[in-house]
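Engineer: Fold the following, please.
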Amino acid sequence: MLVAIISDGLARTRGFGNKSFAQIDTDCLPMDSGPPVRASSEQLRKQLPNGVDCVLDTSGAVPAIDAGVASLAPLGRLAIVGVPRALDAAISLNILTLLSLGISICGVTEGNADPQTFLPELIALHAKGLFPFEKLITTYRLEDINQAIKDQHDGRCVKAVLTMA
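Structural biologist: Got it, this is the predicted structure:
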């Protein structure tokens, strides 16, 4: 199941094998300041009372990560790939919750994959039509780098790619 913070995130994943979705209302999830994000995790728990097995945070936003932790089922895993806006961004975790539920949290850099084996797998999936990576890419001319950064930051694109032409 995919839990999307932004509504167009759901649409982007439909072509990538994701068949089950839960969407959290963006009004419940302040990104910079505001009340705790309990509303969003409570909203998810109404649909999935036991929580979710895995959460992938691509935002780097502390409230989103907090909501992800609060949404995890026992033995659930949270992977963080999003880069926070502030270099000193930090999350606070209840150690007893982590221990009693067996939750694990990890940071992921470049997919934590071995490129020698993973890239050929991705190429094979693409050749079979199972990984349309071109749908993930939005190209920008180099002189439009600021727009590319803004679009990436605002969630308008998945992967901004700069071209020299």
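Engineer: any idea which strand is longest in this protein?
Structural biologist: strand 72-80 (DSSP state E).
Engineer: Neighbouring strands - and their directions - for that strand?
Structural biologist: Sheet partners assigned to strand 72-80 using DSSP bridges are listed as strand 52-57 (parallel), strand 104-107 (parallel).
Engineer: in that strand, what counts as buried?
Structural biologist: Leu72, Ala73, Gly76, Arg77, Leu78, Ala79, Ile80 (16 or more other CB atoms under 10 Å). Where you see a C-beta, it was placed from the backbone N, CA and C, and this is true even at glycine.
Engineer: roughly how far apart are the third one and Gly107?
Structural biologist: Going back to what we said before, that points to Gly76. 16 Å (CB to CB, to the nearest Å).
Engineer: Equivalent analysis for Phe118, please.
Structural biologist: Distance, Phe118 to Gly107, by CB to CB: 18 Å.
Engineer: what's the answer for Ala61, then?
Structural biologist: Taken as CB to CB, the span from Ala61 to Gly107 is 15 Å.
Engineer: Looking at those two, which is more packed in?
Structural biologist: Ala61 (20 against 11; other CB atoms under 10 Å).
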